[in-house]
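Student: here are the coordinates; sequence isn't available:
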């Protein structure tokens with residue numbers, strides 16, 4: 001909590017997250033993807049389709065695209081291209097993260113903690 005307060009005071013956007021880091025990455029990519037989808041076709045309620053969009057970003061499986069019912073959108077090719085782009089981004093981030101150890105992962109998210117401080121706090 002002290003760390004969060006410190007960073008809030010610096011003007012950083014601090015969010016607490018408990019769970020699988022993959023879900024956090026998917027949620028962040030979804031927020032960016034949502035803005036892009038709204039700019040492509042503002043007539044679609046993309047929030048209603050959030051579950052299948054997130055599943056597609058996470059898995060890249062075509063059945064999730066089919067569940068979006070894009071046939072009614074004249075911008076379907078652009079929507080599919082945007083979704084594919086975010087799905088590729090997720091898989092790239094996920095592959096890069098798979099070889100990172102726990103200590104390195106903490107240092108990615110908490111750059112102000114040095115390795116010596118981290119070792120002391122975990123001992």
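Tutor: That came in fine, so what should we check first? Worth saying up front: this structure is predicted, and the values here are computed from it rather than measured.

Student: Determine how far the longest helix seen in the chain lies from the middle of the whole chain.
Tutor: Longest helix of the chain, by residue count under DSSP state H: helix 76-98. Put simply, helix 76-98 sits 10 Å off its chain's centre (Cα atoms, centre = their mean, to the nearest Å).

Student: Stretch 67-84 now?
Tutor: With Cα atoms, centre = their mean, you get 20 Å for stretch 67-84.

Student: Which positions in that stretch come out as buried?
Tutor: For stretch 67-84, burial by neighbour count (16 or more other Cβ atoms under 10 Å) applies to 68, 70, 73, 75, 76, 79, 80, 82, 83. Where you see a C-beta, it was placed from the backbone N, CA and C, and this is true even at glycine.

Student: How far does that stretch stretch from one end to the other?
Tutor: By Cα to Cα, to the nearest Å, the extent of stretch 67-84 from end to end equals 15 Å.

Student: Please apply the same query to stretch 47-65.
Tutor: End-to-end for stretch 47-65, by Cα to Cα: 15 Å.

Student: got it, and stretch 55-65?
Tutor: 9 Å.

Student: closest to residue 25 among the buried residues of stretch 67-84?
Tutor: Nearest to residue 25 among the buried residues of stretch 67-84: residue 83, at 15.5 Å, using Cβ to Cβ.

Student: Just the pLDDT at the residue lying closest to the closest one once chain neighbours are set aside, thanks.
Tutor: Leaving aside its sequence neighbours, residue 83 sits nearest to residue 56 (Cβ to Cβ, 6 or more residues apart in numbering; 5.5 Å). On the pLDDT scale, residue 56 is placed at 96.

Student: Report the buried residues of whichever helix or strand residue 56 is part of.
Tutor: Here residue 56 sits within helix 50-59, counting by DSSP states H and E. Within helix 50-59, the residues that count as buried by 16+ other Cβ under 10 Å are 52, 53, 54, 55, 56, 57, 58.
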